[in-house]
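Q: Below are the sequence and a predicted model; questions follow.
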Amino acid sequence: MTTNARRLLTEPEIEVESPENESDAFKDVLSPDALDFLVELDALTAVEADKRREAGNGFDGTWVAHPDVVAVAAKEFDLVLGKEPNQISRQRDDVTVSAQRLLDVGATEGKISEGGLRNNVNVGFQYLSYGLRGRGAAAINNLIEYAATAEICRMQIWQWIHHSALLVDGRPVTRELVRNVLNEEMARIEEAIGQETWSRSRPKESRPHFEAVALSEEPPEFLTLGAYEDLEPTT
């Protein structure tokens, strides 16, 4: 998955591809895990490729989610900019952006996979768990996730249910299916982090909040609104 919003604005004609899982669209926020060299290497390689695309598409700068990747990002922009402060001279007259093109959802040919559904459930649930413990940013599956990511996860689920979308295997996305997936993902998370950490993660409170924002008839305007009353008190 190499298509993101910035690239849509800088390339004249590209084939738009829906990500199998939502987090693929946010690979520029990969967080290196200092305790796992292989994870770190993979994360840095992904960030390097992403920043190379951005610099090559004409951007003057970028953002990173972790100080450890500043040097990686700066290197790619330095290679393109050289001694110039910006790329204003590169006007990209070959690119034509219109409102119609940006709103042409039908041009996306991606399919909804079970893996994509599972990722949305997993990330949405875990983010609310972190949020209830006062964390606005969370390291989930080697990615740094923010409220915006969790918003997309839960609203994709809601939209799929609302429009009776089908998985690639033909199964409709229903509330029952999402609840079953949530059961399995919660069990998987508990096994991965251990009972002690799991019990501190407030799963009993996190689940109803996730179901409220993803499975309700009318979704709340913002996913954290209902969770504020259950925030852990700060000292």
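A: That came through, no problem.
Q: Domain-wise, how is this structure divided?
A: According to automatic domain parsing, the chain comprises the domains 18-107, 114-230.
Q: Adding mean neighbour count and mean pLDDT, write those domains out as CSV.
A: In short, each C-beta sits where N, CA and C put it, glycine included. As requested, the domains of the chain are exported to CSV (neighbours: other Cβ atoms under 10 Å; pLDDT from 0 to 100):
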stretch, mean neighbour count, mean pLDDT
domain 18-107, 15, 79
domain 114-230, 17, 93
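Q: Might you report the residue contacts of the residue lying farthest from the centre of the chain?
A: Largest separation from the mean C-alpha position in the chain: Lys83, at 33.9 Å (Cα atoms, centre = their mean). Contact partners of Lys83, counting by Cβ atoms under 8 Å, 6 or more residues apart in numbering, are absent.
Q: all numbers from here: first residue = 31
A: Yep, numbering from 31; the last one is Lys113 now.
Q: Kindly confirm my reading that Arg237 is in a strand.
A: No: assessed with DSSP: H, G, I helix; E, B strand; the rest coil, Arg237 is helix; it does not lie in a strand.
Q: Touching, it and Arg209? I think so.
A: No: taking Cβ atoms under 8 Å as the definition, Arg237 is not a contact partner of Arg209, at 9.5 Å.
Q: what about the residue farthest from the centre of the chain, distance to Thr75?
A: Lys113 sits 27 Å away from Thr75, going by Cβ to Cβ, to the nearest Å.
Q: the strands in the protein, which residues?
A: For the chain, the strands defined by DSSP state E cover 168-170, 173-175.
Q: ok, the closest residue to Val198 other than its chain neighbours - how many residues close by?
A: What sits nearest to Val198 in space, not counting adjacent residues and going by Cβ to Cβ, 6 or more residues apart in numbering, is Lys141, at 4.6 Å. Residues within reach of Lys141, counting by other Cβ atoms under 10 Å, total 13.
Q: Relative to Ala222, how far out is Lys141?
A: 27 Å.
Q: do the same with Ala177
A: Taken as Cβ to Cβ, the span from Ala177 to Ala222 is 23 Å.
Q: and if you look at Asp134?
A: Look at Asp134 and Ala222: by Cβ to Cβ, they are 39 Å apart.
Q: swap in Leu255?
A: 29 Å.
Q: With Arg163 instead?
A: 17 Å.
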